[in-house]
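Trainee: Everything below, folded, please.
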Amino acid sequence: MRKNTAVAKKTETATVLKIRAVYNSLGDAEQRVAKYICENEEEIIYLSVTELAERCQSSEATVIRACRKLGYSGYQDLKINVARELVNPIAKIHEEANLDDSCYQVLNKIFNSIAQTLQYTSKVIDQQELEKAAQAILGAPKIDVYGLGNSASVAKDAEHKFLRAGKNCVAYTDSHAQVISASFLKPGDVAIGISHSGSSRDIVDALEVARERGATTICLTNYGKSPITKVADIKLFTASQETRYRIVALASRIAQLGIIDTLYTYVALRNHEAAVEGMNQMESALKNKKY
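Mentor: Numbering: from 1, shown residues only. Okay, here's the model as predicted:
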């Protein structure tokens, strides 16, 4: 029987105890995953499944299989449970917030987080990738935008902005509709998938279908390797201190909106005559909607 060497001597969390219980029954690749989790519990909270697989010299499938053998539904389930064991629960609301903060103090912390995120994002975004995304959108006969949950509002904002620029753009916030629409895309069309974690299975699936149909795929996600980056021809990254295990992304959403505004403005400038004429027509059509 192989000796259980996965766990260093330290205060053991429930996750570590689970690993100790099943470690010897795991395969070699799964043991590498389990050992890394034990030795780097705080780090994995911030890692995508792709990044963990690379660190363990294994595959995403091996990581997920190891997590399931530990009793979790998948890697995200494991991360959430590790975070509950290690992180102050208040950090799930906001990393810098305190229970006794006044509303104005919260405002300052939120604004500071947004400012830092915008600054980080401007530094990590690849200028060539941004230009390629803009050119692809500029020439696209049809643009699909996919977003779920917190990303759905960003997807709808993209739809609104690109429609204003005269582009044929539809945002899909239902997972079935996303795949259906993706299956009808053609070469020259563009599909944009928005996911802060980069691990939203439905968004990845929709982009993969769009890519198979010949469309140009663009991902808008947090910086780093993740499943969504594998199916994206063009990668646009935000950078935020927000923890990836938290479901609701705050500051990073503002950075995503900023990138969408950038692409919209670029497209409108390149088609400025048509864009201005379209805006005039739109203003005339909407004039009776306001007092």
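Trainee: Given the biggest strand by length in the chain, what are its sheet partners and their directions?
Mentor: Secondary structure of the chain read by DSSP state E shows that its longest strand is strand 216-222. Strand pairing for strand 216-222, determined by DSSP bridges: strand 190-194 (parallel), strand 234-238 (parallel).
Trainee: Find me whatever residue is spatially closest to residue 134, sequence neighbours aside.
Mentor: Computed as C-beta to C-beta, 6 or more residues apart in numbering, the closest residue to residue 134 that is not its neighbour in sequence is residue 266, at 4.6 Å. (C-beta placed from N, C-alpha, C; glycine too.)
Trainee: which stretch of helix or strand covers residue 144?
Mentor: strand 143-146 (DSSP states H and E).
Trainee: can I get the CA coordinates of that strand in CSV?
Mentor: C-alpha atoms of strand 143-146 as CSV (Å, rounded to 0.1, in the frame of the first residue of the first chain):
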residue,chain,number,x,y,z
ILE,A,143,-22.9,39.3,-33.6
ASP,A,144,-24.0,37.0,-30.8
VAL,A,145,-23.2,37.9,-27.2
TYR,A,146,-23.5,35.2,-24.5
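Trainee: Tell me how far that strand lies from the chain's centre.
Mentor: Its chain's C-alpha centre and that of strand 143-146 lie 15 Å apart, by C-alpha atoms, centre = their mean, to the nearest Å.
Trainee: can you start the count at 855 instead of 1 from here on
Mentor: Fine by me, first position is 855 from now on; the one you just mentioned is strand 997-1000.
Trainee: List the buried residues for it?
Mentor: Residues of strand 997-1000 classed as buried by neighbour count (16 or more other C-beta atoms under 10 Å): 997, 998, 999, 1000.
Trainee: Over to stretch 955-967?
Mentor: Across stretch 955-967, burial judged by 16+ other C-beta under 10 Å covers 963, 964, 967.
Trainee: what pLDDT, on average, does that stretch get?
Mentor: Stretch 955-967 shows an average pLDDT of 91 in the prediction.
Trainee: Can you give the strand pairings for the strand holding residue 998, parallel or anti for each?
Mentor: Partners of strand 997-1000 in the sheet, by DSSP bridges, are strand 1023-1026 (parallel), strand 1044-1048 (parallel).
Trainee: remind me which residues of the chain are low pLDDT?
Mentor: Counting by pLDDT under 70, the ranges of the chain that qualify are 855-865, 942-949, 1095-1103, 1129.
Trainee: Select the longest helix from it.
Mentor: When the chain is parsed with DSSP state H, its longest helix is helix 957-978.
Trainee: Mind giving me the packing neighbours of that one?
Mentor: Judged by 3 or more C-beta pairs under 8 Å, 6 or more residues apart in numbering; DSSP states H and E, helix 957-978 is in contact with strand 1088-1092, helix 1105-1124.
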